[in-house]
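J.: One predicted model, sequence on top.
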Amino acid sequence: MKYSISVRNSLTKFSLLISLTSVLLSFSSCAPKSQGIDSFESFSQNLKLEQTENCNEDCTDLKREFKYLVYVSEKIYCYWDEKQKEYSINFKEIAAGLENQITNSTTETQYFQLLTKWAASFRDGHVNAMLRDDLSKLEFYEVPVRFEVLAPGTDHETLIVSRTGSSVQSLKPGTVVNKIQGKNWKEYADEAEKLSSGSTKAMRRRSVGNNIFQVLAEIEGPKPILIEGIYNGKKISENIPRNIELYDGAIEARGAPETGLNLLKTVILPSNIGYLKIDGFQGTKMTQLLNQAMDRLSTTDGLILDLRKNGGGDLSGNAILSRLANQPMLRFKQKAVAADYLTAARPSVVFEYNFNQGDRFSEILDRNIAPAAESKRYSKPVIVLTSSYCFSACDTFVSAMKENKLALIVGEATGGGSGNPLAFELPVSEHAFRYSVVQGFTAVSNTLIEGAGTQPDVIIEPTVDERVQAKDLQLEKALQLIVAKLSNPNEKISMFATNVKLPNELLLTTDSKIKYKFIEVEKDKEIRKSGD
């Protein structure tokens, strides 16, 4: 391992980051001054680490980096007190235990796994370890099977096979997994949860489907995986090989930023119900695209917003919220941690938030939304489909919908995250890491969004049968609810969860052969022309 070069190269970045703070402070007397942070260079000079037989120079370099990572968390992580109280976390004890695992024999892959465990200890979906660009020295195994956890975090959660590669013979999508390597799948899932940074139990358990393979790699290396389960009432099993992934060390060129069009799908369903699927609030033209989609859906009799795969992004969702508001409204509230490290990385924070000398946080900042022009407003029934995947900007969007009574929330609880994370490159390993630095609160009840999320008004969980049959029963139910509301506008919408029988033309499927009237937002020449 040759870490000394990367240390020297990164010291300049860290020094510049800290030095920039002094420039910012000279421009604003209200800038935070209570959380001074040493650069990695200064921190390392004051840190005495003796080399030992089990930990040579390269090893101690990694230990310095990890100690600095812990040090930074104490300064900038905004939910430090809340997480310790809620989960009785002793961060210092966890850090010490992980640091002791760093020895001469620690591989680069094992070190990244250690960073992942440190991130997961925060139980915050915005605290993550991120791989560096050059992966050639890390070990990866490709598995031609993907898992999904249905009803994650409940007493009836189920692990199923969600996808299979062409080499897989027996296992089918929808297979209910009972055992992995001869053990109950939950034994591996419990270990996999320790690698998940999810903000809620449901979010962490949802992630174990992917993390199980990482746990298996850590415990058993490249051995084949024996998966046993049930499909259509029959027992099936298969040994799944793991292919070694090779990387040539080349750094991929980063292309132009996406407009956001790839994250949207807009359809008019039967009964003139609009359907807008948004898989993320990000992209250079997302606000314009959402406005365009709402224009095209303006004549529908009801609207379904599908956010079940929306991992967050920015505040572009305001384009929709403003269309549904009849008066000025509050989306959510925020307060930022007072740390010069944050203001150096994000100079706009100094001017956006009001900091008082000596306080750990800024004053509360209201994220207000003005209603759109009356001619642009949408006043028909709206349903929002959610899941634990809905996180960050999606979380605050759904929270605003519910707290301002703009829609009925259907599906599963959101992921419960609002942290505006700050990412930075690690000076030795060249991986990256991020911590939450801004707390988020609901608009009306004034409660933390982090760790709680938004509960649905009507709970509808995906089922094994619909995965086998390739149906979307959650979307069917949402359509059913809106049709019922249109038929009985004076009744409470929650009453229609089980009383309405759908005609055949309203039964939806994921089969691509089923045709609906698509709203082709990609045909807007002005946005497409300026998007790239």
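T.: Yep, that arrived.

J.: can we go C-alpha only for contacts and neighbour counts from here?
T.: Fine.

J.: can you give me the strands for the stretch 51-200 of the chain?
T.: 128-130, 140-142, 145-150, 158-164, 176-180, 183-184 (DSSP state E, counting those that start in this stretch).

J.: Pipe those strands into TSV and attach mean pLDDT, distance to residue 49 and mean neighbour count per row.
T.: Conversion of the strands of the stretch 51-200 of the chain to TSV gives the following (pLDDT from 0 to 100; distance: least, CA to CA, whole Å; neighbours: other CA atoms under 10 Å):
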stretch	mean pLDDT	distance to residue 49	mean neighbour count
strand 128-130	94	24	22
strand 140-142	84	32	16
strand 145-150	92	43	21
strand 158-164	92	45	21
strand 176-180	95	42	21
strand 183-184	94	42	13
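
J.: how about TSV for those, with distance to residue 78 added?
T.: Output for those, formatted as TSV (distance: least, CA to CA, whole Å):
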stretch	distance to residue 78
strand 128-130	14
strand 140-142	33
strand 145-150	30
strand 158-164	34
strand 176-180	38
strand 183-184	37
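
J.: Mind checking those strands for the one nearest to residue 109?
T.: strand 140-142 (8.6 Å; CA to CA).

J.: ok, now which ones touch residue 326?
T.: 371, 377 (CA atoms under 8 Å, 6 or more residues apart in numbering).

J.: give the contact list for residue 327.
T.: Applying CA under 8 Å, 6+ apart to residue 327 gives the contacts 370-371.

J.: follow-up on the earlier one: which one of the strands of the stretch 51-200 of the chain lies nearest to residue 460?
T.: strand 145-150 (11.2 Å).

J.: what ranges of the stretch 51-200 of the chain fall below the confidence cut-off?
T.: For the stretch 51-200 of the chain, applying pLDDT under 70 flags no range at all.

J.: what residues does stretch 383-391 touch?
T.: Contacts of stretch 383-391 (CA under 8 Å, 6+ apart): 202-203, 206, 303-312, 398, 407-418, 456, 474-475, 478, 482.

J.: PyMOL command for the buried members of the residues you listed?
T.: The buried residues among those can be selected in PyMOL (16 or more other CA atoms under 10 Å) with this line:
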select buried, resi 202+203+206+303+304+305+306+307+308+309+310+311+312+398+407+408+409+410+411+412+413+414+415+416+417+418+456+474+475+478+482
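
J.: In strands only, show me the contacts of stretch 383-391.
T.: Among those, DSSP state E puts 303-306, 408-411 in strands.

J.: can those go into JSON lines with extra columns for pLDDT and distance to residue 130?
T.: Output for the ones in strands among the contacts of stretch 383-391, formatted as JSON lines (pLDDT from 0 to 100; distance: CA to CA, whole Å):
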{"residue": "303", "pLDDT": "95", "distance to residue 130": "37"}
{"residue": "304", "pLDDT": "95", "distance to residue 130": "34"}
{"residue": "305", "pLDDT": "97", "distance to residue 130": "31"}
{"residue": "306", "pLDDT": "96", "distance to residue 130": "28"}
{"residue": "408", "pLDDT": "91", "distance to residue 130": "36"}
{"residue": "409", "pLDDT": "93", "distance to residue 130": "32"}
{"residue": "410", "pLDDT": "92", "distance to residue 130": "32"}
{"residue": "411", "pLDDT": "92", "distance to residue 130": "30"}
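
J.: Quick one: those as CSV, columns for distance to residue 318 too.
T.: Shown next, in CSV, are the ones in strands among the contacts of stretch 383-391 (distance: CA to CA, whole Å):
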residue, distance to residue 318
303, 16
304, 17
305, 14
306, 16
408, 18
409, 17
410, 20
411, 22
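
J.: Closest one of these to residue 166?
T.: Out of those, the member with the shortest distance to residue 166 (by CA to CA) is residue 306, at 30.1 Å.

J.: partner residues bridging the closest one?
T.: residue 277, residue 385 (DSSP bridges).

J.: Wait, it touches residue 277, no?
T.: Yes - under the criterion of CA atoms under 8 Å, residue 306 makes contact with residue 277 at 4.5 Å.

J.: how about the helices of the stretch 401-532 of the chain, start to end?
T.: Taking DSSP state H, counting those that start in this stretch as the test, the helices found in the stretch 401-532 of the chain are 464-469, 473-487, 525-531.

J.: got the end-to-end distance for stretch 452-472?
T.: 26 Å (CA to CA, to the nearest Å).

J.: average pLDDT across that stretch?
T.: Stretch 452-472 carries an average pLDDT of 87.

J.: Now find how far off-centre it is within its chain.
T.: 19 Å (CA atoms, centre = their mean, to the nearest Å).

J.: do the same with stretch 396-410
T.: Distance, centroid of stretch 396-410 to centroid of chain: 19 Å (CA atoms, centre = their mean).

J.: Pull that stretch out as CSV, backbone CA atoms only.
T.: Written as CSV, here are the backbone C-alpha positions of stretch 396-410 (Å, rounded to 0.1, in the frame of the first residue of the first chain):
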residue,chain,number,x,y,z
THR,A,396,-39.4,16.7,3.1
PHE,A,397,-41.7,16.7,0.0
VAL,A,398,-44.0,14.0,1.4
SER,A,399,-43.9,15.6,4.9
ALA,A,400,-45.1,18.9,3.3
MET,A,401,-47.9,17.1,1.5
LYS,A,402,-49.2,15.5,4.6
GLU,A,403,-48.7,18.4,7.1
ASN,A,404,-50.4,20.9,4.7
LYS,A,405,-53.2,18.4,3.8
LEU,A,406,-52.4,18.5,0.1
ALA,A,407,-52.7,14.8,-0.6
LEU,A,408,-53.5,11.3,0.7
ILE,A,409,-50.3,9.4,1.5
VAL,A,410,-50.5,5.7,0.4
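
J.: ok, now which ones touch the residue most central in space within the chain?
T.: The chain has residue 311 as the residue nearest its centroid, 4.5 Å off, counting by CA atoms, centre = their mean. Counting by CA under 8 Å, 6+ apart, residue 311 makes contact with 279-280, 389-394.

J.: try 7 Å this time
T.: Residue 311 sits next to 279-280, 389-392, 394 when contact means CA atoms under 7 Å, 6 or more residues apart in numbering.

J.: Inside helices: which ones of these?
T.: Secondary structure assignment by DSSP state H places residue 394 of the contacts of residue 311 in helices.

J.: Which of the contacts of residue 311 sits closest to residue 75?
T.: residue 392 (21.9 Å).

J.: how many neighbours does the nearest residue to residue 412 once chain neighbours are set aside have?
T.: Spatially, and ignoring its direct neighbours in sequence, residue 412 is nearest to residue 387 (4.5 Å; CA to CA, 6 or more residues apart in numbering). The tally of other residues near residue 387 (other CA atoms under 10 Å) stands at 28.
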